[in-house]
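A.B. asks: Sequence first, then the predicted structure:
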Amino acid sequence: MEEGIISRSVELAERWQKESNRLKTKRQLEFDEKVAKMVRNPVNKVFLTELIDQSFRPREAKRVADQIGYLLGKYKNVDLFDAFESLLIELFNKVGKRVPGVSVPAIVGRIRSETSGVILEGEEEALAKHVSRRKKEKIGSNVNIIGEALLGEEEAAKRIQIYKDALDSDSVNYLSIKISTIYSQITPLAFEETVEVLVERLSELFRSAQKNRFAAENGEMQQKFINLDMEEYRDLALTVEAFQRTLDLPEFKGLRAGIVLQAYLPDTYEWHRKLTEWAKARVADGGAPIKMRIVKGANMDMEQTESSMRGWPQAPYHEKLDTDANYKRMLRYALQPENARCVELGIASHNLFELAHAHLLAEELGTSQHLVFEMLEGMADATVKALNNEGRPILLYAPVATKAHFTHAIAYYVRRLDENTSPQNFLTHSFNLEPGDEDWTFLANQFRFSFGRISRLRGEPFRLQDRLNEQSGRSRSTFQSDRFREEPDTDWTLAANRDWAELIRGKWKAVPKGKVEEIPISVGDEFLYEGLDTQEIIDHSQYEENLPIARYALARIDDIDRAMEIAASDASGWARMGSSERHEILSSAAEELRQARGDLIGVAAAEVGKLFSETDPEVSEAIDFAEFYPFAMRRFEERANLKFRGKGVGVVIPPWNFPIAIPAGGVLASLAAGNNTIIKPSPQATYCSWLICQALWKAGVPKSALQFLPCRNDPEASHIAMHPKTAYVIFTGSTRTALNMLKKRPQLPLYAETGGKNAMIVSSMADRDKAIADIIQSAYGNSGQKCSATSLVILQRSLFEDEAFRSSLVDAAKSLPVGYAWDFKSKFGPLANPVGGPLKKAIESIGKDEEWALRPELSEKDPHMVTPGILWNVTQSSFCYRKELFGPVIGVMCYDSLDEAIRLVNETDYGLTSGIHSLDEREIAQWREAIRAGNLYINRGTTGAIVLRQPFGGMAKSAIGPGVKVGGWNYPLEFCDAEETGLPRDRRPNDPLLTRFDFMIESFPDEIDEIEAARLRAAFESSLYEYENVFSKIEDYFKIRGETNQSRYLKIHDMAVRIEASDSPFSIFSRLFNAYISKTELTISVSPDVQEELRDWLRMHAPDLLAEFIVEAQSELCARMTEYERIRFASSEQVSDEIWSAAAKRGIYVAASPPLIDARLELLLYFREQCVTHCYHRYGNLGQHQLDVHAADVLAPGALPEEVYVSNGDEESEEDDE
């Protein structure tokens, strides 16, 4: 029976296709040819996408003309245009750039005209005219009003009013809306609260639909119809629940409304069944039927991108045939008579095989009266006419946008371009399709084959993460693998994970009174609490209740001394343990941290007030540290010429703002390098650190290898840091504190991640909605208490003076729900400390010309609570520009040229993170090469720091010490000493540069013996090899879809190599050679004690090394030390106390380790690391990157379920939409 309907469907589709071809107009044939050109030459689609995406961004015609001219010059082999368009472009190139006021409106108007068939004019008169024409043709219109992205609640209210006005008008009888257009603060974790708001707002619209009636075709007066569109997978459950609950209200018992389901999701079939059973019960109770619109799905690109970025399994099917099979499965279920009378069906597709099959199946089952064909306005007009002529009921999905909102329709248009050109989509082939040709045969076979998939279709979702019943993560263990994979964060859209969150809240919020955890210090294998002073921890998220949850003991000086003795003696044997054994234990620690995720989230909420959504990624990062650092060490330990050993006792002093990730990261890096470690936790986050230590001890880290010493800041904390047995300190905190530590002990090996004054530049060429969303996320995430938070927003003047932009930014900020962690709808929590210091000063006193666009409000009940603030017209003289506020206040500045904006960023003295929003790649290129910051972010927020994807660390005042990046390959190396047991294997001999240095060696005034010469030769060759293969390369380890994360090395800008009389030939040549190939601005600073012949030799060869030469005492070097970013000595014994003190005072790094032959380690001293993250996708579309081999097929580790095999990228292409 099935074979019969398949054959009849193909025959009917063939008849319809022939009729469609006959009915095509000249304009439709021209459109077909344009699409065919995009299929034949993908550059055409990329060009058109960029042209449309970028031509409507700036308000100034001159800027638009410049951008169009650039794009025309960039894509030389575009063959997309017809004769008139080619003439228009020729005229533009010749004279248009000089008269942009004339040429730009002409080109923009042409683009608007070309898209008008797909995106209808939203102005009332034009829309009424179009709907009236369709009505006369007996074709319905399902209107989708496109507006700006919903960023705040004022805009949500406006959008709801727009919908109500549309329903009040005679033009709109059928309206599609999305939940994301009526509520700006959708929060999957706060599922119930979100649904409540959605129900309230849907009710308002449903009432409007009820009161506004129209005359149907049969003359009957009907209520207007609202259809709830489906968006991305994360909105599925919320959309269905809000739809059902609203219609369950008594007042809507008789209202007909509709919802969309997407067949490319395997779990859609089950949602379909549940909705149908609910609708049947509704009708049985006297309620109205509902309507279901079944689509294949049009967000594949974004689903794939989210999957890759988050490390979650891809939600949709991986093969097109499975989507097609699920579509047919849903169709057959929907058309059963008992179902169709309660759930009317809109079968949305342009695929004539699918439509023919639906039509024949409905006839066979006797349910044709419940079936409507739904298609997209402007995409297949001849097909619509052919079907309409046969009397098939048709509804056209009609996106509309006013001229003012056309930029917000670009995302829709880009999806349509993708759909029209994806290899396996019917639409791609339909524009020149003839029954019987190769394309027709391919599509017919695809249609037939999909039936065979139905019986073996997956019905459960791909995303099955369940924190309550989680499987062991040991399959991700780097100890058993040669691959590092990031730990996925919790997917809060899943019901099981929301249930888990409820259990966390129940456990940690409801700590019984009197049941206060006693947290001891740990010294060796002992836990000490009795007799020690203690500090109370109260529940920060129930501040007014003053509920104690724990007390922790405070270490004394003698406790610290004893702990130091134990650590220095390696009583645990950790330092002597084999690196493989350490790796196994730390990988087990990762598993323990996985198991402790819930408690870590709960304790951070109670102790620090941190939201679940903020702490969860921290736990993932901590797990990543545990897996990655020993994995990175293993890579270096494979170098046969090197033997590593720990430096000694490591002290970790973390902050409170990242109470899980930073303490764990410092401890794990120190342990991975083979060091006994002491953690002095932050007083505000001691409980968090205690749970981390417990997880590590449970995994097998000896208690005497990791000692836990909470204490007062002075004198005890200073005693730990300054202790003579402390080999190094890992510190995260303020620049001032780091410099104070160095002041007390100038030679302290300090690895400090310090403050930031991070700026986001927003160009007139930016996607404004995305820029605002990223500013809000970057500035107010964790209540602005991230060192990477955006604190300055630097707007191009046209944006700075744009009231609409300002209004949207303010609306987005003030709409953030402010509250505590136990309230899941909160997106903005309390500060860890009462408002004070620079933040309080910035709030209470502003500059003469500054004004509050959004004034922060201080809570009268809780001194930790303050709302977001936006200070407008900040200048370089402003307090807000100069000071790190470490709170939720951003300063907005204005710029006229990008050079000016870059200068404003670089003159803050900090260099931690920096961002730009612009779609002009020329601006991006200029910015990325000029900004001095450790982490650069393009078209996304300025926070991130995911292990190995975005190694974290800054420059200038944002990093004290060598500045090696946390979460990068090199970080654990900093806590090791390397012994060279042979010559490096990886070398580059016979390089012409070696000849030049051979000559210098031959003329060297001191004799160089054969052994020294061999070592020098090996060092030179190693440097050339490592420079070519590592330090001049860019690494993007994960290759995330839609985003590049490029780690690169930048030369130390200004460097002094200090030559002392005790230096060996090797130490002189090694340092000079490495400085030369690093291209640093080099000064050779020579001691007066150096023999005259050597001084003359150095003076003579300084120009060959592109270096400045100077003879000076160390005291003279001190006087001009600020000229250098780094000073390289050959030995710490050579460095005077004066140099150490002067460098410590200024935060300048003195590199004084003996030079190594192996340049993989040695060259680290001549470079800084930088990570550049570029979010380049546009609504999931990869733009010019899709022209790169495999770029579109990139999936993150874990994105593809192990049981699914995808043979090529075509099978992952986007499905037919509505």
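C.D. replies: Nice, thanks for sending it over.

A.B. asks: switch to C-alpha atoms for all contacts and neighbour counts from now on
C.D. replies: OK.

A.B. asks: Can you show me the strands along the stretch 951-1100 of the chain?
C.D. replies: 955-956, 959-960, 976-980, 1043-1051, 1054-1059, 1081-1086 (DSSP state E, counting those that start in this stretch).

A.B. asks: Pull up the pairing partners for the fifth one, direction included.
C.D. replies: It stands for strand 1054-1059. strand 1081-1086 (parallel), strand 1126-1128 (parallel) (DSSP bridges).

A.B. asks: For these, give me TSV that also has distance to Lys253.
C.D. replies: Formatted as TSV, the strands paired with strand 1054-1059 follow (distance: least, Cα to Cα, whole Å):
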stretch	distance to Lys253
strand 1081-1086	77
strand 1126-1128	75
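
A.B. asks: any idea which of those strands is most buried?
C.D. replies: Among the strands paired with strand 1054-1059, strand 1126-1128 has the highest mean neighbour count (mean count of other Cα atoms under 10 Å), at a mean of 25.

A.B. asks: continuing past it, what's the next helix or strand?
C.D. replies: helix 1137-1146 (DSSP states H and E).

A.B. asks: per-residue confidence averaged over whatever helix or strand comes next after that next one?
C.D. replies: Once the chain leaves helix 1137-1146, the next helix or strand it forms, by DSSP H and E, is strand 1149-1151. Across strand 1149-1151, pLDDT averages out at 98.

A.B. asks: What average pLDDT does the following helix or strand past strand 1149-1151 get?
C.D. replies: Per DSSP H and E, strand 1149-1151 leads on to helix 1159-1162 as the next helix or strand towards the C-terminus. For helix 1159-1162, the mean per-residue pLDDT is 98.

A.B. asks: Can I get helix 1159-1162 as PDB, trimmed to CA atoms?
C.D. replies: Provided in PDB are the C-alpha atoms of helix 1159-1162 (Å, rounded to 0.1, in the frame of the first residue of the first chain):
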ATOM      1  CA  ALA A1159      63.900  27.300  22.300                       C
ATOM      2  CA  ARG A1160      60.400  25.900  22.900                       C
ATOM      3  CA  LEU A1161      61.000  27.100  26.500                       C
ATOM      4  CA  GLU A1162      63.600  29.800  26.000                       C
END
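
A.B. asks: and Arg1178, how many neighbours does it have?
C.D. replies: When neighbours are defined as other Cα atoms under 10 Å, Arg1178 has 20 of them.

A.B. asks: Now do the SS call for the closest residue to it other than its chain neighbours.
C.D. replies: Excluding its sequence neighbours, the residue lying closest to Arg1178 (Cα to Cα, 6 or more residues apart in numbering) is Ala411, at 7.7 Å. Of the three states, Ala411 takes helix under DSSP: H, G, I helix; E, B strand; the rest coil.

A.B. asks: Quick one: mean pLDDT over stretch 380-396.
C.D. replies: 94.

A.B. asks: can you give me the offset of that stretch from its chain's centre?
C.D. replies: Centroid separation between stretch 380-396 and its chain, computed with Cα atoms, centre = their mean, to the nearest Å, is 43 Å.

A.B. asks: what about it, start to end distance?
C.D. replies: This stretch, stretch 380-396, spans 10 Å end to end (Cα to Cα, to the nearest Å).

A.B. asks: got the contact list for that stretch?
C.D. replies: 16-17, 19-21, 23-25, 28, 138-142, 350, 371-377 (Cα atoms under 8 Å, 6 or more residues apart in numbering).

A.B. asks: picking that back up, just confirm the residue nearest to Arg1178 contacts His1177, I think it does.
C.D. replies: No: counting by Cα atoms under 8 Å, Ala411 does not reach His1177; the two are 11.3 Å apart.
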